[in-house]
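Visitor: sequence first, then the predicted structure, then my questions.
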Amino acid sequence: MNLIQNLTTVLQPKTLENFIGQEHIISQEKPLYKLIKLGKIPHMLFWGVSGSGKTTLAKICANEINSPFFYMDATNLKVDDIRKNINNYKNSLIKPIIFIDEIHRLSKNQQEVLLIPMEQKSCIIIGATTENPSFALTNAMISRMMVFEFKILTEKDLEKLFQRVKKRYDFNIEKDAKEYLFCSSGGDGRAMLNLLEFALNIENNITLQTLKSLRNEPLKNGVSSKSNHYDFISALIKSIRGSDIDASLYYLAKLLDSGERSDFIARRLVILSSEDIGNANPNALNIATNTLIAVKEIGKPEDKIILSQCVIYLSSSPKSNSSYKAINKALDYVKNNPSLEIPSYLKTTGKKEYLYPHDFGGYIKQEYIKKVVKFYNSEEIGFEKTLNDWIKKIKGKQ
């Protein structure tokens, strides 16, 4: 039996027409497709999950314009290597495509070195990353690049890829084995081809048992990268904010199942408890803070119970962002207006003039700021109404 080797390389498409997936950015009616065909390729950043075609599309771009293609890995990239590749084509009409994989690993200094050649268009930089570019690259880099998000391959995409293998090699596969081949690959085309390659080297009639012996658990595309990591934590926070308990538990489960750190989740819950619940239910901050302390002490696997209790409590709490809006208004005022004078009796040197509220039964009217400002507007949601009643009683309005 002839061994099958490098199935991903053998089947790698060379043209746009043969590229599979990412139709939302590269189908014929899309601007990027038209730019590539016109030979007007911008600096680009491809970000998304592994096995979605980022490197393949970069190589296709080079093929389409007959441009030299230089693959570089940011983990061991040297700036001198980039300069050398650029200088070799300094007096040429041909501009090399420099593809930088794992571009999020570049230091800020390395990113800054790229800015001038990018600005001068002495090369075309295409970066690939699994990280959200908002967190991975400097604003200066992103402003010079077109950013395209690559999504996991659909079952339809995987079927197209599978049929290309079938046309090249004669083999059979059981129905349930084929279903497992697709679903266990997590939308990762490379992962599917790798599993299929090893299975074909074992047998010509592929069974479910063989596939499961090679991959005993499906791959998870959940939060395997920071991009998805932020997507799922965002979905969790927004579901809690929307008071959807079951959706919140689903996203919590996805985060935990992917190995997300419990203290990271808990910290986000602490922020949410103040930003989105606030004084509508002040105890939410206590619950969330204690959750953060508890998960650090307890650890896995019991920490999931504590997080679940907290998520359900926060989802069920009345929501108010009055405190969040109030501090933002105050900060905005401070940044955009002249500084207000502090009344002399509020300073450390003005103790004699200061009216001590406790000497007057807890409250005495006096000026605390030299201008009337209004930052806080209570929504009177939940416990906020009680706080409003308290402040009115304190000031003698009731």
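Guide: Good, I have the coordinates. Numbers count the residues shown, from 1 in each chain.
Visitor: helix or strand with the lowest mean pLDDT in the protein?
Guide: Sorting the helices and strands of the chain by mean pLDDT, DSSP states H and E puts helix 133-136 at the bottom, at a mean of 76.
Visitor: distance from the chain centre to that helix, please.
Guide: 8 Å (C-alpha atoms, centre = their mean, to the nearest Å).
Visitor: next helix or strand past that helix?
Guide: Next helix or strand after helix 133-136 toward the C-terminus (DSSP states H and E): helix 139-143.
Visitor: now that following helix: buried residues?
Guide: Neighbour-count burial for helix 139-143, counted by 16 or more other C-beta atoms under 10 Å, picks out Met141. C-betas here are computed from N, CA, C, even on glycine.
Visitor: what of stretch 338-357?
Guide: Within stretch 338-357, no residue counts as buried by 16+ other C-beta under 10 Å.
Visitor: could you dump that stretch to PDB, C-alpha only?
Guide: Taking C-alpha atoms only, stretch 338-357 is exported to PDB below (Å, rounded to 0.1, in the frame of the first residue of the first chain):
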ATOM      1  CA  PRO A 338     -11.500  74.000  33.700                       C
ATOM      2  CA  SER A 339     -10.800  72.700  37.200                       C
ATOM      3  CA  LEU A 340     -13.300  73.800  39.800                       C
ATOM      4  CA  GLU A 341     -12.000  75.500  43.000                       C
ATOM      5  CA  ILE A 342     -12.300  73.500  46.200                       C
ATOM      6  CA  PRO A 343     -14.100  75.500  48.900                       C
ATOM      7  CA  SER A 344     -11.600  76.600  51.500                       C
ATOM      8  CA  TYR A 345     -13.300  74.900  54.400                       C
ATOM      9  CA  LEU A 346     -12.900  71.500  52.600                       C
ATOM     10  CA  LYS A 347      -9.200  71.800  52.400                       C
ATOM     11  CA  THR A 348      -6.900  70.500  55.200                       C
ATOM     12  CA  THR A 349      -6.200  74.100  56.300                       C
ATOM     13  CA  GLY A 350      -9.900  75.000  56.600                       C
ATOM     14  CA  LYS A 351     -11.000  72.800  59.500                       C
ATOM     15  CA  LYS A 352     -12.400  75.600  61.600                       C
ATOM     16  CA  GLU A 353     -14.800  76.700  59.000                       C
ATOM     17  CA  TYR A 354     -15.900  73.200  58.100                       C
ATOM     18  CA  LEU A 355     -19.400  72.200  59.400                       C
ATOM     19  CA  TYR A 356     -19.100  68.600  60.700                       C
ATOM     20  CA  PRO A 357     -22.400  66.900  59.800                       C
END
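Visitor: got the contact list for it?
Guide: Residues outside stretch 338-357 that contact it (C-beta atoms under 8 Å, 6 or more residues apart in numbering): Tyr363, Ile364, Gln366, Glu367, Tyr368, Ile369, Lys370, Lys371, Val373.
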